[in-house]
Structures are given as structure tokens and as C-alpha cells.
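# All I have is the shape, not the residue letters:
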């Protein structure tokens with residue numbers, strides 16, 4: 001039960017972010033440069049599905065749930081916890097289906113990557129992350 005709850009929390013966090021798939025648009029752009037047409041189509045299709053599911057979840061939120069999200073007096077982890085506790089069966093099902101779909105899509109995408117693509121993508125992402133961590137001179 002605890003694992004399932006953690007999975008739901010992790011999925012909800014990713015659902016609420018704007019770039020659920022890769023975290024940063026720049027990382028996403030770096031990745032897209034190295035992919036085949038079929039791989040790009042798979043990711044774009046999945047990205048659209050994530051957006052539509054996120055919108056569906058947002059539209060299903062009640063006024064009380066929206067109040068939880070907009071409450072500035074509580075920490076984000078408390079907001080997540082309260083929100084998850086307030087989900088009805090339909091909302092929980094929506095989150096669980098999307099989490100399962102993401103897991104399957106990630107796995108199928110990983111299988112399409114060549115060794116060279118894996119290496120190049122890993123190197124570019126690591127370099128991008130290192131660059132973001134460097135202090136900037138003003």
C-alpha cells in the first residue's frame with residue numbers, strides 16, 4: 001500500500017509540472033535532436049497525452065481541492081498529501097492509469113534507443129545539468 005501511495009504521489013508531482021517528461025525544455029530539445037522520426041513521434045504523442053490527462057484532472061478538481069492547491073499557508077508536501085486524500089475514485093483511477101501508461105511508454109521508448117543514442121543523450125544531458133549548476137558571472 002505504501003509503495004502504491006508513493007507511486008501516486010510521484011505521478012501527481014510529475015503531472016503538475018509543465019515538462020513532465022524531461023524536466024527542462026532545454027533537455028527536451030537536446031534529446032529531440034538525437035532521435036529518429038518514429039521516436040520523436042512517440043514522445044510528442046505521449047507529451048500531448050500527458051497534457052490532456054493533466055487538463056482532465058484539473059477540470060475534475062472540486063472547489064475544496066482547488067482551495068487546497070491555492071492555499072499559500074501550507075507547504076507543498078502537505079498540499080499533495082491533502083489533495084491525494086481528497087481524491088474521489090474517478091480521480092484516483094485517472095492518476096493510476098496515467099502512471100501505468102507512462103511506465104509502459106518509458107519502457108517501450110528505452111527499447112528503441114540504440115547504444116550510440118543512449119551515450120550521446122546521456123552525455124548531453126549531463127553537460128547541460130553541469131552548465132546549469134555553474135555560477136554565472138555578472
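Cool, the structure landed. Being a predicted model, the structure only gives us computed values, none of them experimental. Numbering: from 1, shown residues only.

# OK, contacts around residue 31?
22, 43, 121, 124, 125 (Cβ atoms under 8 Å, 6 or more residues apart in numbering). No exception for glycine: its C-beta is placed from N, CA and C like everyone else's.

# So for it, what's the pLDDT?
Looking at residue 31, its pLDDT is 71.

# Give the residue spans of the chain that score low on pLDDT.
The chain contains residues with pLDDT under 70 at 1-28, 30, 135-138.

# ok, now with 50
5-7, 10, 18-23 (pLDDT under 50).

# related to what we said a few turns ago, what is the nearest of the contacts of residue 31 to residue 77?
Within the contacts of residue 31, the smallest distance to residue 77 is 23.2 Å, found for residue 22 (Cβ to Cβ).

# list the buried ones in the helix or strand hosting residue 128?
Following DSSP states H and E, one finds residue 128 within helix 115-133. For helix 115-133, a neighbour-count test (16 or more other Cβ atoms under 10 Å) marks 120, 121, 124, 125, 128 as buried.

# Nothing else from me, thank you.
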